[in-house]
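3D, please:
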Amino acid sequence: TGRSIASEGAGGDVALAGACDRVRGGSARSPAAAGGGVLGTITRKPASGMGAGSHATNSVAEPERFERIDPETGEIRAFEVAEKGNVVEVRSFANTRQARYSLHRAFKQIEPKHRTAQCMWCMVDPKKTVQVMLDVEQQRARYNNLRVCGSVWACPFCSAKISERRAGELSDAMVVAKELGLKVALLTCTVPHVLQDALKPLLKKLLKAWRGFMDNRAGKLIKADLGVEGTIRNIEATNGENGWHPHFHCLVFYKNDADLVAIEARWSALWQHECVKVGLRRPSDAHGLTLQNGDYAAKYVSKWGLEHEMTKSMHKVARKGGRTPFDILRDYEQGLDKEENAMLFREFVAAFHNVRQLVWSKGLKEMLAVEDVTDEQLALQEDERPTRMVCELNKEQWRVVRQHYRAALLSLAEKNPAAIPAFLEDLQI
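This next block holds a predicted model:
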């Protein structure tokens, strides 16, 4: 039987299933017919590596997994029973990709004139076709001849790609630093904030405080005592009940056997001084600044790219410490407080325009053998694995496909490329 491929937003799933079924010689079935109707029909599956009659070879039992058919979209969704019997959805690559396209549609509604609105939407050369290319080794499809914005802050596509590759740079830097005999600590700096604080002026003051914190005479003396060879600073922002919360995480590469507790106390006092100096509220003694050893730094690096916002479940969950910008966009896309969330996301995009996500101190990339590549260059990079073209779309076909079916067509190219002509016929193009 044909599996329907969920489109961005609502609609089109039965038509896609019909395209697959006609190729197989069957007939299109509704999601209900395919899965018994309600999200209650369950296909039990053995854990990975545990086929019928086999036995576990280790002491840790893998979680039980099962599938359900969503009656509204026809999408086959995978779940697993985690600790304490909690049921969680297992995110597949196709699910995550579809989520990115859905979020991009939401972005276009909020910021239709922004450069990111054109990303993976407008053709680079309108005189040429849009090609669907398939990675022969990994069986992953992608588009050619579409614009790329390179925004690590605003774009659901580029932010994921850039963050993953920046995470690789950080991991490589940690390895080389260890080989050079350097130690790494994790420095975190925050400031008190209230609901009335606008993000842009708050961020401007925070960046000014950081410059003084690192570059004034007292800051340079602390770095000399620690033997700092360089730093990598990351800036993040969340939004919660007390408004916007921008904050810094900084990897500090140093060589001296210094007392980190004493260094933390000196840095904390300096951070408080610089924040008050630029007009920010005084950071607290307990939480304004923390300096943690290499174990915490390594843990932070290991999670930085892997825990990217776009890999989180698309379902509404409680978020300790506030929502990320993509959480805000996701809530807008799901119809939650749309006016408020649109305003918050616009504020974030405007405030972080031209702000670098990762800032390496001068000379550190060369020391740690990391290539200096811009965000836009990373966004444009494609893997060098062999590819083949599955199909081409002319300008008129692309104008129809891009409205709701960008993710669906890529999934079809991966799973059943022979059904693409029928799929395009169903769209009347």
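
From Leu291, how far off is Val349?
Val349 sits 32 Å away from Leu291, going by C-beta to C-beta, to the nearest Å. Where C-beta positions appear, they are placed from N, C-alpha and C, glycine not excepted.

neighbour count winner among these two?
More crowded of Val349 and Leu291, by other C-beta atoms under 10 Å: Leu291, with 22 against 19.

Please name the nearest non-neighbouring residue to the more buried one.
Glu264 (3.9 Å; C-beta to C-beta, 6 or more residues apart in numbering).

how much space is there between that neighbour and Ser284?
Taken as C-beta to C-beta, the span from Glu264 to Ser284 is 14 Å.

And the two? Which one has more around it.
Comparing Glu264 with Ser284 by other C-beta under 10 Å, the one with more neighbours is Glu264, at 16 against 13.

The more buried one contacts Asn293, doesn't it?
No: Glu264 lies out of contact with Asn293 (C-beta atoms under 8 Å); the separation is 10.6 Å.

Just the mean pLDDT for whichever strand or helix holds Ile235, thanks.
Element membership of Ile235 [criterion: DSSP states H and E] is strand 228-240. Taken as a whole, strand 228-240 carries a mean pLDDT of 94.

next one: it to chain centre, how far?
Strand 228-240 sits 17 Å away from the centroid of its parent chain (C-alpha atoms, centre = their mean, to the nearest Å).

picking up where we left off before, who are the contact partners of the residue nearest to Leu291?
289-291 (C-beta atoms under 8 Å, 6 or more residues apart in numbering).

Retrieve the pLDDT associated with it.
The model's pLDDT for Glu264 equals 97.

Quick one: classify it as helix, strand or coil.
helix (DSSP: H, G, I helix; E, B strand; the rest coil).

for Val390, same thing?
Assignment for Val390 (three-state DSSP): strand.

Could you pull out the buried residues of the strand holding Ile235?
Using 16 or more other C-beta atoms under 10 Å as the test for burial, strand 228-240 gives 228-235, 237-239.

the inter-axis angle of the one helix or strand Phe326 maps to versus strand 228-240?
Phe326 is part of helix 325-333 when elements are defined by DSSP H and E. When axes from the mean of the first three to the mean of the last three C-alpha atoms, to 10 degrees is applied, the directions of helix 325-333 and strand 228-240 differ by 20 degrees.

I'd like to know which elements helix 325-333 is packed against.
helix 93-110, helix 156-179, strand 228-240, helix 338-351 (3 or more C-beta pairs under 8 Å, 6 or more residues apart in numbering; DSSP states H and E).

Next SSE downstream of the shortest one?
Reading on from strand 228-240 to the C-terminus, the next helix or strand found by DSSP H and E is strand 243-254.

next one: the first one
The first helix or strand that comes after helix 93-110 along the chain, using DSSP H and E, is strand 130-135.

In its sheet, which strands sit next to that following strand, and in what direction?
Within its sheet, strand 130-135 is paired with strand 141-144 (antiparallel), strand 387-393 (antiparallel), according to DSSP bridges.

between the next helix or strand after the longest one and helix 93-110, how many degrees?
Think strand 387-393. Counting by DSSP H and E, the next helix or strand C-terminal to strand 387-393 is helix 395-404. Relative orientation of helix 395-404 versus helix 93-110 (the same axes, to 10 degrees): 100 degrees.

Work out the gap between helix 395-404 and the centre of the chain.
Counting by C-alpha atoms, centre = their mean, helix 395-404 comes out at 26 Å from the chain centroid.

quick one: buried residues of it?
397-398, 401-402, 404.

Next, format the residues you listed as CSV and append pLDDT.
Listed next are the buried residues of helix 395-404 as CSV, based on pLDDT from 0 to 100:
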residue, pLDDT
Gln397, 96
Trp398, 97
Val401, 96
Arg402, 96
His404, 92
